[in-house]
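In: fold the following.
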Amino acid sequence: MEPSWSLGSADTSVPEPLSDEELTALALAADPSAPLDPDAVPWYGSADSANLLPEWYMPRPIATQRGRGNRMVVISVVTTLLVICAMGLCVTSGFLTLA
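Out: Down below sits the predicted model:
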């Protein structure tokens with residue numbers, strides 16, 4: 001299957017992938033102050049993606065809920081460090097010493 005790219009409303013088929021040198025030459029020859037074509041569409045990398053950046057560059061953030069066990073571990077570590085500091089001890093170097 002030959003790759004093809006769509007540039008705006010023009011249907012341009014490329015029989016083989018462009019080399020890095022060709023892409024660099026096209027980028028350097030482009031006018032950075034030229035206005036965008038009103039019919040231009042963003043390239044998503046795949047048809048099912050709705051991100052402005054491709055998935056390989058920056059994946060979508062996914063929020064996951066952590067269980068009760070993770071919360072208890074964090075609370076116990078913070079509480080332990082607060083108790084150690086309240087007693088006037090220091091654990092900065094990893095060893096329990098007097099401050």
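In: mind listing the strands for this protein?
Out: Along the chain, counting by DSSP state E, strands occupy 5-7, 10-12, 89-90, 97-98.
In: and for residue 18, the neighbour number?
Out: 13 (other C-beta atoms under 10 Å). All C-beta spots, glycine's among them, are computed from the backbone N, C-alpha and C.
In: skipping adjacent residues, who's closest to it in space?
Out: Spatial nearest neighbour of residue 18, chain neighbours left out: residue 26 (7.6 Å); criterion: C-beta to C-beta, 6 or more residues apart in numbering.
In: any idea which residue sits dead centre in the protein?
Out: residue 58 (2.4 Å; C-alpha atoms, centre = their mean).
In: quick one on the thing from earlier: give me the neighbour count for the residue nearest to residue 18.
Out: Residue 26 has 10 nearby residues by other C-beta under 10 Å.
In: same question for the one 4 residues further on.
Out: Each residue near residue 30 was counted by other C-beta under 10 Å, and the total is 8.
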